[in-house]
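Asks: model the structure of this input:
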Amino acid sequence: MLNLSKMSFLSKIKRSRIKLTTSIRSPQTLITTQSETTLSSPSSVSATFNSTTTLQNDDDPILKNLNPQQLQAVTCDNNQSTLVLSGAGSGKTRVLTTRIAYLIREHSVKPDEILAVTFTNKAALEMRGRITKMLINIRLSDMWLGTFHGLANRFLRIHHKMASLRKDFLILDPSDQLSIVQQIIKELKHDSTAKHSKATSDHEEHVVQHKKRANTDDYELMDDEKPKSIVGYINRCKDDGKRASAINTRDITNLQEKFKHKIYFLYENKCKLEHKVDFGELLLKMKG
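Replies: Here you go, the predicted model:
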């Protein structure tokens, strides 16, 4: 389990969350749409502006062509949280990347003190590219900019020991997950066949048949349950933050679900022994 409270990295994240103007704990909320921009505050004072209005500040290559509301978000106080809501194509990425560039240039914020998270690699690359163009002589490789999974991977490589991982741990893609599940099922079938073949006497055969009925016949379940559905089950559990050991099997009445849980348990053990991590596990490791 990660003891995140001891990591100086977290203090950087806390600062950067404020600086990135993405916190929902905003004393002022900037709401931007394609047609208009509304600035609302706790005092219920609001103003509406045409979003086509731009700031005529051609002397500043970073701030030029921002409208008044975009400028306010970019240049707000260093410790002020701001939430920007807007429709597609209305300038959210411009505001965020310009804000980052502004903090580095005007407030001497170090790139490694900034955390910017997005959902896709394409968006992360675009953001980095825009910031690089605005800050040509600044090294941005240390900035914590990327997807949730990408940043988790980078963090765990640095603090792999705290996560009980090797530094060179392997990341599993969906096809890798499927292969592991198929291998586990194959091994279970082999073990079941071997145990069944040992029942040489009539009494032993009766015991085996009785156990099969008592365990609801894993033989048939292994044939009925498709590996892809089991991988889906594993991913759903991890998305919900549930490891196999945290699931109370007494609450599972469905036979197929019980079998899937059994595979999930064996899957986790196998991945742990082989230092393999799937995408869901990256986030679970960060959670601790």
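
Asks: can you give the domain ranges for the chain?
Replies: The chain breaks down by automatic domain parsing into domains covering 4-158, 170-287.

Asks: could you tell me the least trusted of those?
Replies: Looking over the domains of the chain, mean pLDDT reaches its minimum on domain 4-158, with a mean of 71.

Asks: in the stretch 1-150 of the chain, which spans are strands?
Replies: For the stretch 1-150 of the chain, strands defined by DSSP state E, counting those that start in this stretch occupy the ranges 28-32, 36-40, 46-50, 82-85, 115-118, 144-147.

Asks: got it, and the stretch 151-288 of the chain?
Replies: 170-172, 276-278.

Asks: would you reformat those as a markdown table and include mean neighbour count and distance to Leu266?
Replies: Any C-beta I mention is one placed from the backbone N, CA and C, and that applies to glycine too. Output for the strands of the stretch 151-288 of the chain, formatted as a markdown table (neighbours: other CB atoms under 10 Å; distance: least, CB to CB, whole Å):
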| stretch | mean neighbour count | distance to Leu266 |
| --- | --- | --- |
| strand 170-172 | 15 | 15 |
| strand 276-278 | 21 | 13 |
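
Asks: would you reformat those strands as TSV and include distance to His160?
Replies: Shown next, in TSV, are these (distance: least, CB to CB, whole Å):
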stretch	distance to His160
strand 170-172	12
strand 276-278	10
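
Asks: now for those, which one comes closest to Arg94?
Replies: Among the strands of the stretch 151-288 of the chain, the nearest to Arg94 by CB to CB is strand 170-172 (32.0 Å).

Asks: that closest one pairs with which strands, and in what direction?
Replies: strand 276-278 (parallel) (DSSP bridges).

Asks: picking that back up, and Lys262, which of the strands of the stretch 151-288 of the chain is closest to it?
Replies: Closest to Lys262 of the strands of the stretch 151-288 of the chain, according to CB to CB: strand 276-278, at 18.0 Å.

Asks: who's in contact with that closest one?
Replies: Strand 276-278 has contacts (CB atoms under 8 Å, 6 or more residues apart in numbering) with 156, 165, 169-172, 176-177, 180, 234-235, 238, 270-271, 285.

Asks: how far away is the spatially closest residue to Lys92 that is not a sequence neighbour from Arg94?
Replies: For Lys92, ignoring the flanking residues on the chain, the nearest one in space by CB to CB, 6 or more residues apart in numbering is Ser86 at 5.2 Å. Ser86 sits 10 Å away from Arg94, going by CB to CB, to the nearest Å.

Asks: the more surrounded of these two?
Replies: Ser86 (18 against 14; other CB atoms under 10 Å).

Asks: for Asp278, see how far away the more buried one is.
Replies: 34 Å.

Asks: circling back: would you show me how to pick out the buried ones of the contacts of strand 276-278 in PyMOL?
Replies: Burial among the contacts of strand 276-278 is assessed by 16 or more other CB atoms under 10 Å; the matching PyMOL selection reads:
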select buried, resi 156+165+169+172+177+180+234+238+271+285
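
Asks: quick check, nearest of the contacts of strand 276-278 to Ile100?
Replies: For the contacts of strand 276-278, the residue nearest Ile100 by CB to CB is Leu156; the value is 23.9 Å.
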